[in-house]
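Asker: Based on what follows, work out the 3D shape:
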Amino acid sequence: MGNMSNFVKRVRDIMRNDAGINGDAQRIEQIAWMLFLKVYDAKEQDWEWDEEDYQSIIPEKCRWRNWGHDEDGKGMTGDILLDFVNNTLFPTLKNLPVNADTPIKKAIVQTTFADANNYMKDGVLLRQVIGVIDELDLTDYEESHAFGEIYETILKELQSAGSSGEFYTPRAVTDFMAQMIKPQIGEKMADFACGTGGFITSWLKELKKKVKTTEDEEMYANSIYGIEKKQFPYMLCITNMLLHDLDVPQVFHDNTLLRDVLDYTEDDQVDVILMNPPYGGSEKTEVKNHFPSDLASSETADLFMSVIMYRLKENGRAAVILPDGFLFGTDNAKVAIKTKLFSAFNVHTIVRMPGSVFSPYTSITTNILFFDRNGTTKETWFYRLDMPEGYKHFSKTKPMKSEHFAPAVEWWENRQEIQEEGFDKAKKYSIDEIKEKNYNIDLCGYPHEEEEILPPKELIQQYQEKRASLNADIDRILAQITDILGINLEEN
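Answerer: Purely as a prediction, here's the structure:
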């Protein structure tokens, strides 16, 4: 067990010497596919134990136990190993025969390897890394559980390895959201841009407390649904699910936005949605065409909000992370989306999070919207979660922790309006007040915000959103004035 904690360090030290590995992102990607095969092999041992005629989808010579596991130091190494991995293992796994009838637990091997790469160029070092990974005893409950924690640190490292951070929502945040949503046995939860599976694991952790019978156990194992469009986080997510004992991970490699929202039926609806939709993307016309024209925005997060509204069951519950731009935006698409949201759902709580929660990946300030599909909104509570004492901002070395949500949890159960230094920290607004503001719900924000220095791309984005909102406001006011004065501007 002692070697568990320095597992990542040992692998990293070996890889540093390999000329093929360029930077953190490649290193993690390299570890990821090996771990997947090791974890999958442990799962297959369970399945062979349970089903007497179990047949692996992976040809014998490509199963981890036959090339990764090295009993007596006689395993392939050097150029022979490299040749095997590059010219046998990868082509075989990428081209496994999979069709619509292949069970999920077998199909995931091919989907996981579709775009995977072997970056290592030194077969001796490759054998050493494989050796470290093979030492993990995933059949041992304690060790396997401990490894689940280690895997979490690997996912966290990803966040600071640059662009892959967008797939990782800090655990403190996903845990808080899952806790407030109060999972029940028998419910189905979905995340339509699930990244490495953070919301799913928080949901499972919270739901696990309610499992009492084998029937509960079965419902627990089938309680999730995920979609991730990028190959690499998808691979990490599948491995994450197998480590969490989900033998049939219902996580699919697909793009949620490429389906007409009007085609969703009740079968596509779920009880709970927990997610942090990607934002800041600008979607092409072909994507926008899948949405009704009034809801068709080019901003990715807006489109996900529409998907969420179409896929939440009657009496379902949702908690969604959205950037400030969604709150203050008053351009046509955002107002249409918010009008639909507040009239068809009960938006009961909006928690405003401090900036830098997602640092170092982005400094844009985010919010959690909690809403239920059980009628229209009558009033919405806003609550501002402040930086904990002694923190100027969160960072890689000082990340947000679960206990930082304690004030919000305490307030949640016993809601009161709070003012600090003349500014609202928690306040309830009626739907009429919200409509009067034309759905600019940038309320209970941070009063002493020094001007945030955002990276250029995000700065431009924010200016564009503000400009779109201002234009919409000006158009609306002009329309009111001309209406009052009875002027018809069209005639000139």
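
Asker: From here on, just use CA atoms for contacts and neighbour counts.
Answerer: OK.

Asker: wait, is residue 398 part of a strand?
Answerer: No. Remark: residue 398 does not belong to a strand; assigned using DSSP: H, G, I helix; E, B strand; the rest coil, it is coil.

Asker: mind checking how far it is from residue 359?
Answerer: As judged by Cα to Cα, to the nearest Å, residue 398 and residue 359 stand 10 Å apart.

Asker: Those two: who's more crowded?
Answerer: Just comparing residue 398 and residue 359: by other Cα atoms under 10 Å the higher neighbour count belongs to residue 359, 20 against 10.

Asker: Ignoring the adjacent residues along the chain, who's closest to the more buried one?
Answerer: residue 395 (5.7 Å; Cα to Cα, 6 or more residues apart in numbering).

Asker: Determine the three-state secondary structure at the one you found.
Answerer: Here residue 395 is recorded as coil under three-state DSSP.

Asker: likewise residue 226?
Answerer: Three-state assignment for residue 226 (three-state DSSP): strand.

Asker: Specify the beta-bridge partners of it.
Answerer: Residues in a beta bridge with residue 226, per DSSP bridges, are residue 191, residue 251.

Asker: That one - how many residues pack around it?
Answerer: By the other Cα under 10 Å criterion, the neighbourhood of residue 226 contains 25 residues.

Asker: cool, residue 182 as well?
Answerer: Residue 182 has 12 neighbours, counted by other Cα under 10 Å.

Asker: Show me the domain layout of the chain.
Answerer: 2-142, 162-454 (automatic domain parsing).

Asker: max-length helix in this structure?
Answerer: Criterion DSSP state H: the longest helix present in the chain is helix 456-485.

Asker: how much distance is there from that one to the middle of the chain?
Answerer: 31 Å (Cα atoms, centre = their mean, to the nearest Å).

Asker: buried sites along it?
Answerer: Neighbour-count burial for helix 456-485, counted by 16 or more other Cα atoms under 10 Å, picks out 461, 462, 465, 466, 468, 469, 472, 473.

Asker: List the contacts of the second one.
Answerer: Residue 462 sits next to residue 325 when contact means Cα atoms under 8 Å, 6 or more residues apart in numbering.

Asker: distance of it from residue 299?
Answerer: Look at residue 462 and residue 299: by Cα to Cα, they are 11 Å apart.

Asker: The fifth one too?
Answerer: With the distance defined as Cα to Cα, residue 468 ends up 12 Å from residue 299.

Asker: got it, and the last one?
Answerer: Applying Cα to Cα, the value for residue 473 to residue 299 is 19 Å.

Asker: isn't residue 366 right up against residue 326?
Answerer: No. At 9.4 Å, residue 366 and residue 326 do not qualify as touching, with contact defined as Cα atoms under 8 Å.

Asker: if I pick residue 204, what's in contact with it?
Answerer: residue 220 are the contacts of residue 204 under Cα under 8 Å, 6+ apart.

Asker: Can you give me the buried ones in the strand or helix carrying it?
Answerer: Here residue 204 is covered by helix 198-208, with elements defined by DSSP states H and E. Neighbour counts over helix 198-208 (16+ other Cα under 10 Å) mark 198, 199, 200, 201, 202, 203, 204, 205, 206, 207, 208 as buried.

Asker: Grab the nearest non-local neighbour of the third one.
Answerer: Once flanking residues are discounted, residue 200 sits nearest to residue 224: 6.8 Å by Cα to Cα, 6+ apart.

Asker: ditto for the second one
Answerer: Here the nearest residue to residue 199 in space, its sequence neighbours aside, is residue 174; by Cα to Cα, 6+ apart that works out to 5.3 Å.

Asker: so is that neighbour in a helix, a strand, or just coil?
Answerer: Residue 174 falls in the helix class when you classify it by three-state DSSP.

Asker: quick one, phi/psi of residue 375?
Answerer: Main-chain torsions, residue 375, degrees, to the nearest 10: phi 120, psi -180.

Asker: Neighbours of it, how many?
Answerer: Using other Cα under 10 Å, residue 375 has 14 neighbouring residues.

Asker: which other residues reach stretch 107-121?
Answerer: 15, 18-21, 26, 29-30, 33, 82, 85-86, 90, 93-96, 98-99, 126, 231-232, 234-235, 238, 253.

Asker: For stretch 269-284, list every residue counted as buried.
Answerer: Residues of stretch 269-284 classed as buried by neighbour count (16+ other Cα under 10 Å): 269, 270, 271, 272, 273, 274, 275, 276, 277, 278, 279, 280.
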